[in-house]
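Student: The following block contains a protein sequence and its predicted model.
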Protein chains: 2
Amino acid sequence: MSATPYQQLEQEWRRLHAFRGALALLRWDAAVMMPKGSADIRGEQLAALETEHHTLLTAPRVSRLLDRAQANAQGLDEWQVANLREMRRQRDHAIATPVSLVSRLARATARAEVKWVEARRNNDFALFAPHLEEVLHLVRDKAQLLGQALDLAPYDALTDEFSPGVTMTDIDAMFKSLSRRLPGLIREAMALQEKHPALPIVGKFPVGKQRQLVLELMKAVGFRFEGGRVDESEHPFTEGVPGDIRITTRYDADDLFSGVLGALHETGHAMYDLGLPREWRDQPVGRDRGMAIEESQSLLIEMIVCRSRPFVRYLLPLLVKHFGVEGPEWEPENVYAHLTRVRRGLIRVDADELTYPLHIQLRYELEKQLLSGALAVRDLPDAWAEFMGARFNVRPATHQEGCLQDIHWAVGSFGYFPSYALGAAIAAQLHEKLRGDVMGLDEQIARGEFGGLFGWLREHVHGLGSKVSTQELLKLATGKPLNAAASLRYLEGKYLEDPTSRSAAA
Amino acid sequence: MSATPYQQLEQEWRRLHAFRGALALLRWDAAVMMPKGSADIRGEQLAALETEHHTLLTAPRVSRLLDRAQANAQGLDEWQVANLREMRRQRDHAIATPVSLVSRLARATARAEVKWVEARRNNDFALFAPHLEEVLHLVRDKAQLLGQALDLAPYDALTDEFSPGVTMTDIDAMFKSLSRRLPGLIREAMALQEKHPALPIVGKFPVGKQRQLVLELMKAVGFRFEGGRVDESEHPFTEGVPGDIRITTRYDADDLFSGVLGALHETGHAMYDLGLPREWRDQPVGRDRGMAIEESQSLLIEMIVCRSRPFVRYLLPLLVKHFGVEGPEWEPENVYAHLTRVRRGLIRVDADELTYPLHIQLRYELEKQLLSGALAVRDLPDAWAEFMGARFNVRPATHQEGCLQDIHWAVGSFGYFPSYALGAAIAAQLHEKLRGDVMGLDEQIARGEFGGLFGWLREHVHGLGSKVSTQELLKLATGKPLNAAASLRYLEGKYLEDPTSRSAAA
């Protein structure tokens, strides 16, 4: 019996999946293992494989098969229907942008990235501005074309690439709720913390021992090392395909928590990828549901689970074992206070849970204005400073701690930033529901048992892959559409609790 | 101005080169870094990229361009002409074997490899025999088709893939010279060694310190770490493309020399690859000239340069520095005797310079008979034992130390073995000439200076890439065609020297 159009498509995507896996390894190696002098060669390899992937995905044969499979969809089960929908989605995204625009964008962002590094080092916005202008111009064209093809507003078309099905309407609603409450919440939390200042935690934490601790924690969490690795790189990341998932972190002998929590954040991503439906591993429906859900998984682990009292109870004996820590600063309440400190800082990647969403809102508002033309590139530094002054009560003294701090726009990633804030809101929404469903969660975590947590996540999130949209996934898992209410409840509960009553309850 | 057919071909090969580089990284990672459970996924990635590489190489467009470039070759310089010839060579090899045969062979060898591992472990030749039969059958078909396409005898067509331009006539002539003299030479060398037995070298050599020593030696030799790495794997190998060359070795805390000399052997390969003509890096003419020349470079470094008195003089202070070695067994003459010991062993990979060619001759004779049908698979163990008895005066007690010791036939690599013996002969031939050309070579090596050695090799071997055939390269470099005379002179000089006079001369 010859293969049906749908079966032939699965075969095509198996090949595309193999290319994706190869590309992932090339990128991982570039960040972790590659000799310094080999960047040009690696660039050529990545370009060749990406071009081939694009060619295979947009081949006329694939279009014909998609149409024929669609016409014969009555025999497909619901996973296959979803898979076909996701195949078409990938193809539509790929075909909407002409190859000439893709390669112009690739060249422009390569140049802009180099200039961004230089401009940031020298605090020279004028050096970067014309390159951002060029990238912006091309991204605008792309958004226009994508929007037409997908029947979406231009900005929504960009967001759709990162977090399928999430629109400006969703994002605006979320920021509206958050910005009504967050500034006040930050003030109150900081006032509380000032009343009960934490003892500083200083010391030397040998990197070799941090590595051992991370391995022990990852094993406890459930990371399967026969299908993954942990290494080190300049910036922590997760790369690979399910079955070969590789995370990295970055150790600092002076700061125990940055490397360890970095690894746990990435382990959150990895556990999602490892929990995706195994039988759909090489198909679009078996992939993660985009960056908003990805970030929800890493933030749920790092921020909600690991920066919590139960986790501190589990962690402290391990810190004693590996580093021999002792003294009043290592009392559980002090460590917890250290892990949940709130500060109005200028730098997004150093931000805490309370201030982080405002950093994202700033970028979201400004990138929309840049794309629409309402904000000129030359006026970006002023607009940035104004937002920071109004919301944070601080203004960047330099561009490094202002609009030159992030790489995203230089590399053309407009529409990406909201994923971070969406992820935090989704994490809280999922967490609120799973706390109700999983009995004794805190006790389990305090014992270093994560099976209850991940069992729930696998059933309601990981195991669905891309079967449903981001919004449907949330409705199925929590009964509610995406909203910021759970996030605000979580943040108020965590950051407005009086430390005195806290101690007694611990 | 639009690109000429030749320029378009260069562009095609740039893409093929990028695929080759990606494939090299996937293989390296599989042997060095990959989680154990990811082998299936990696297999799919390798298959997808190899298939795509084959499809691109055998595309009708490439054939048309080759013909058009050939018809307009009058404007090309000699490097471009050679490049065009090598492009055609690669295409001819790829197109001669139908895709169906390639994939049947891939599946058969994958099965045979698994069975070979099991058969070897259990000393069970009968388990492996039917799989070898199947592989042999397919390789015979391939040799027939390749031979017809390339106008070569079937066996020569197989050899041509590994060592272009080397034929059975060359190999037969080499083994004829060698086998007339080697058995007697082995006897005499062993008699001499028995008269002056070496003190045993035992001790513990921490792997961490061995790693440091290897880094120091590789730097001294001239390996550029900004374009390469050294790691560890089950079997030492060299992988990658010029600009990102990665070698491995395997350390044994009980045996200092195995890991260090393994690394130096692979460094010989890497220095060849790093010395290939840079401006032709992504073109066929810029590649190494095949396995015979590759092996000549690794054996020249490991066997001729590093198992020598001058190198021992350079090495010993480093051993004192890294391991604090002392005692009479660490006297230079004793270390040299240790590094040049001759033994009639059953295992090829443990063999010394004198007995190694006979191990290869055995495999060469038997694989020709297997391919022609003169030897049946079931009679292989007896034929093996008979050859060993006649030439080595020892017979394997088990199949593990007999015909199951090598993986090559299981994975379909017929025609590969001669490269090892050819490499040894070529190494001696090149070495004889370069000793005459480079003044004070021994003194340089004793000082840890390798610039003179590699300067000569770069000029006469590495820098030529694939511009000329193996035979032409040797004529250009040494004035003589490939022959075993230099090898025999080298071996006689090295192994028949009276140790008493040696000591005085040292």
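Tutor: Sure, I can see it. Residues are numbered from 1 along each chain as shown, chains lettered A, B, ... in the order given.
Student: Could you use CA atoms for every contact and neighbour count after this?
Tutor: Fine.
Student: anything in the strand or helix carrying A:L105 near chain B?
Tutor: Element membership of A:L105 [criterion: DSSP states H and E] is helix A:99-122. No - using CA under 8 Å from any CA of the partner chain, helix A:99-122 stays clear of chain B, coming no nearer than 15.6 Å.
Student: Report the distance from that helix to the chain centre.
Tutor: 22 Å (CA atoms, centre = their mean, to the nearest Å).
Student: And for A:Q400, the neighbour number?
Tutor: Close neighbours of A:Q400, defined as other CA atoms under 10 Å in any protein chain shown, add up to 19.
Student: That one and chain B, how far apart?
Tutor: The spacing between A:Q400 and chain B, counted by CA to the nearest CA, to the nearest Å, is 30 Å.
Student: Check A:L199 too.
Tutor: 40 Å.
Student: about what we covered before: return the set of buried residues in the helix holding A:L105.
Tutor: Of the residues in helix A:99-122, A:102, A:105-106, A:108-113, A:115-117, A:119-120 count as buried by neighbour count, 16 or more other CA atoms under 10 Å in any protein chain shown.
Student: Same check on stretch A:304-321?
Tutor: Applying 16+ other CA under 10 Å to stretch A:304-321 flags A:304-316, A:318-319 as buried.
Student: and the residue nearest the centre of chain A, what helix or strand is that in?
Tutor: Relative to the mean C-alpha position of chain A, the nearest C-alpha, by CA atoms, centre = their mean, is the one of A:E295, at 3.5 Å. Following DSSP H and E, one finds A:E295 within helix A:291-299.
Student: Convert that helix to PDB, retaining C-alpha atoms only.
Tutor: Extracted C-alpha coordinates of helix A:291-299, given in PDB (Å, rounded to 0.1, in the frame of the first residue of the first chain):
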ATOM      1  CA  MET A 291       8.300  30.700  24.100                       C
ATOM      2  CA  ALA A 292       5.500  31.900  26.400                       C
ATOM      3  CA  ILE A 293       4.900  28.300  27.600                       C
ATOM      4  CA  GLU A 294       8.700  27.600  27.600                       C
ATOM      5  CA  GLU A 295       9.400  30.600  29.800                       C
ATOM      6  CA  SER A 296       6.500  29.600  32.100                       C
ATOM      7  CA  GLN A 297       8.200  26.300  32.700                       C
ATOM      8  CA  SER A 298      11.600  27.700  33.500                       C
ATOM      9  CA  LEU A 299      10.100  30.500  35.700                       C
END
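Student: Show me what that helix is packed against.
Tutor: helix A:256-275, helix A:418-437 (3 or more CA pairs under 8 Å, 6 or more residues apart in numbering or on different chains; DSSP states H and E).
Student: right, and A:K115 touches A:F128 too?
Tutor: Yes - between A:K115 and A:F128 there is a contact under CA atoms under 8 Å: 5.7 Å.
Student: Measure how the strand or helix carrying A:L138 sits relative to helix A:99-122, angle-wise.
Tutor: Using DSSP H and E, A:L138 sits in helix A:125-150. Using axes from the mean of the first three to the mean of the last three CA atoms, to 10 degrees, the direction of helix A:125-150 lies 150 degrees away from that of helix A:99-122.
Student: Tell me which other helices or strands helix A:125-150 touches.
Tutor: helix A:78-96, helix A:99-122, helix A:154-162, helix A:356-372.
Student: What mean pLDDT does it get?
Tutor: Regarding helix A:125-150, the rounded mean pLDDT is 96.
Student: and if you look at stretch A:328-337?
Tutor: 97.
Student: thinking in terms of the whole chain, how far from its middle is that stretch?
Tutor: That offset, for stretch A:328-337, works out to 29 Å (CA atoms, centre = their mean).
Student: likewise stretch A:419-435?
Tutor: 12 Å.
Student: got the contact list for that stretch?
Tutor: Residues from elsewhere that reach stretch A:419-435 (CA atoms under 8 Å, 6 or more residues apart in numbering or on different chains): A:162-163, A:171, A:174, A:291-297, A:299-300, A:304, A:356-357, A:360, A:441, A:453, A:456, A:474, A:477-478, A:482-487, A:490.
Student: likewise stretch A:70-88?
Tutor: Outside stretch A:70-88, the residues touching it (CA under 8 Å, 6+ apart) are A:Y6, A:L66, A:A69, A:Q283, A:P284, A:V285, A:S466, A:K467, A:V468.
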